[in-house]
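S.K.: Sharing a model that was predicted from the sequence below.
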Amino acid sequence: SRPTPAMRQAISEAIVGDDVFGDDPSVKELEDYAARLLEKEAAVFCPSGTMANLMAVMAHCDSRGSEIIIGSDNHIIMYEQGGIASMAGVMPRTIPTQREPG
């Protein structure tokens, strides 16, 4: 998708900071909103689905050399498996993906 003129204007006028130091008010507001919405203690902003998937794998496989059992047609396997192996040190073991009837 491409940003609309209104989106571009909002981006150019946004108050920003360095999220590494916790001083980006836009990110902080988004994380606080998500945490309240989902009734969680905290939330973290992930700028991409790939990053979110990698974080999820790393949360469940907490040491290098761990193995993940995953469907053979899963998005992570089809498009992102290099990331889980190289970044997290997690080895995928695929099993056949079950198809829904119909």
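M.R.: Thanks, I have it. Numbers count the residues shown, from 1 in each chain.
S.K.: tell me the SS of Trp33?
M.R.: Not quite, residue 33 is Tyr, not Trp. helix (DSSP: H, G, I helix; E, B strand; the rest coil).
S.K.: Neighbours of it, how many?
M.R.: 11 (other CB atoms under 10 Å). Placement of C-beta: from N, CA and C, glycine included.
S.K.: Check what pLDDT it gets.
M.R.: pLDDT, Tyr33: 97.
S.K.: same question, Ala43
M.R.: Model confidence at Ala43 (pLDDT) stands at 95.
S.K.: One more: the one 5 residues further on?
M.R.: Ser48 is assigned a predicted lDDT (pLDDT) of 92.
S.K.: wait, doesn't His75 sit right on Ala52?
M.R.: No - the criterion here is CB atoms under 8 Å, and His75 misses it with Ala52 at 11.3 Å.
S.K.: Okay, and Thr97 sits in which element?
M.R.: Here Thr97 sits in a region with no helix or strand, counting by DSSP states H and E.
S.K.: my read: it touches Ile77, true?
M.R.: No - contact between Thr97 and Ile77 fails when scored by CB under 8 Å: they sit 9.0 Å apart.
S.K.: Need the residues touching each of the two.
M.R.: Gly71 (CB atoms under 8 Å, 6 or more residues apart in numbering).
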